[in-house]
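Participant: Sequence first, predicted coordinates after that:
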Amino acid sequence: AQTVTQSQPEMSVQEAETVTLSCTYDTSESDYYLFWYKQPPSRQMILVIRQEAYKQQNATENRFSVNFQKAAKSFSLKISDSQLGDAAMYFCAYRSREVGLHGANSKLTFGKGITLSVRP
Amino acid sequence: GAGVSQSPRYKVAKRGQDVALRCDPISGHVSLFWYQQALGQGPEFLTYFQNEAQLDKSGLPSDRFFAERPEGSVSTLKIQRTQQEDSAVYLCASSPGTGVEQYFGPGTRLTVT
């Protein structure tokens, strides 16, 4: 079974600064997807960024980028030019690439999340 | 277009009552997932539908939990004889394919007193 670990429960960043959120995972699979989701107080989970394990290039999405280290099973999220609207809980998630029999591997496995606050 | 909607947004139930939580996925989305999110935790998988077929129910914590999606669109998660440990946010997500990109609803916060 796959596990996702987010060991930092809280982080704080000054507006306009850069912050990095850490995530490690454990799997015996060689091909998979990794995600970062944002959950503001409204509770709606919003996809921030996605990385395919077979791609060596780190994904970027505007101010958001990842540092994917496959051998180390590490997947950190960097937020540049932090904005007040970035304040939320952030979850790292894993999904197998192979769906498996009857879709058994379609689910997302989440970490416990990290609360990011942004200081004005 | 409309996103995933869930109702009710909040539900308070007395211990022992039955509850039904509804999820309206994005139109045309084949896959539908239910997750349970305890306070301060990440979501945990409950069950997965592809159209009307429930392909994976390995995450349902007990036989008091039951989910259905009879016409391959709207889904209902039913919890019988609710217990305090059932208090959580229940999230629904839908996907156009097999679930690589999942679009989440706002969740239903269930409080069992």
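Facilitator: That came in fine, so what should we check first?
Participant: residues touching the closest residue to residue A:54 other than its chain neighbours, list them.
Facilitator: The shortest distance from residue A:54 to any non-neighbouring residue, by CB to CB, 6 or more residues apart in numbering or on different chains, is to residue A:31 (5.6 Å). Every residue, glycine included, has its C-beta placed from N, CA and C. Going by CB atoms under 8 Å, 6 or more residues apart in numbering or on different chains, residue A:31 touches A:52-54, A:97-98.
Participant: which regions of the chain sit below the pLDDT cut-off?
Facilitator: The chain I'm using is chain A. A:101-104 (pLDDT under 70).
Participant: was after chain B, sorry
Facilitator: Residue ranges of chain B with pLDDT under 70: B:1.
Participant: If we use 80, what do you get?
Facilitator: Along chain B, segments meeting pLDDT under 80 span B:1, B:98-99.
Participant: Near chain A, which residues of it are found?
Facilitator: Within reach of chain A by CB under 8 Å from any CB of the partner chain, chain B has these residues: B:31, B:33, B:35, B:40-45, B:48, B:50, B:55-56, B:58-59, B:89, B:91, B:93, B:98-107, B:109.
Participant: ok, now which ones touch residue 61?
Facilitator: Just so you know, I chose chain A. So residue A:61 contacts A:48-49 (CB under 8 Å, 6+ apart).
Participant: that's the wrong chain, I wanted chain B
Facilitator: Contacts of residue B:61 by CB under 8 Å, 6+ apart are B:36, B:46.
Participant: for it, helix, strand, or coil?
Facilitator: coil (DSSP: H, G, I helix; E, B strand; the rest coil).
Participant: Can you give me the distance of it to chain A?
Facilitator: Separation of residue B:61 from chain A (CB to the nearest CB, to the nearest Å) stands at 15 Å.
Participant: quick one, strands of chain A?
Facilitator: Taking DSSP state E to define them, one finds strands in chain A at A:3-5, A:10-14, A:19-21, A:24-26, A:32-39, A:46-52, A:60-61, A:64-69, A:74-79, A:88-96, A:109-110, A:114-119.
Participant: For residue A:105, which non-adjacent residue is closest in space?
Facilitator: Distances taken as CB to CB, 6+ apart place residue A:96 nearest to residue A:105, at 3.7 Å, with adjacent residues excluded.
Participant: list the buried ones in the strand or helix carrying residue B:109?
Facilitator: Per DSSP states H and E: residue B:109 is located in strand B:108-112. By neighbour count on 16 or more other CB atoms under 10 Å in any protein chain shown, the buried set for strand B:108-112 is B:108-110, B:112.
Participant: what pairs with the residue lying closest to residue B:7 once chain neighbours are set aside across the strands?
Facilitator: Nearest non-adjacent residue to residue B:7, counting by CB to CB, 6+ apart: residue B:22, 4.9 Å away. Note on residue B:22: beta-bridge partners by DSSP bridges are residue B:7, residue B:76.
Participant: Tell me which residue lies nearest the centroid of chain B.
Facilitator: residue B:34 (3.6 Å; CA atoms, centre = their mean).
Participant: Please name the nearest non-neighbouring residue to that residue.
Facilitator: Going by CB to CB, 6+ apart, residue B:34 has residue B:46 as its nearest residue, at 4.2 Å.
Participant: does the one you found really touch residue B:75, like I thought?
Facilitator: No: between residue B:46 and residue B:75 there is no contact under CB atoms under 8 Å: 11.0 Å.
Participant: count of residues packed around residue A:18?
Facilitator: By other CB atoms under 10 Å in any protein chain shown, 13 other residues sit near residue A:18.
Participant: Quick check: the gap between it and residue A:82.
Facilitator: According to CB to CB, to the nearest Å, residue A:18 and residue A:82 sit 7 Å apart.
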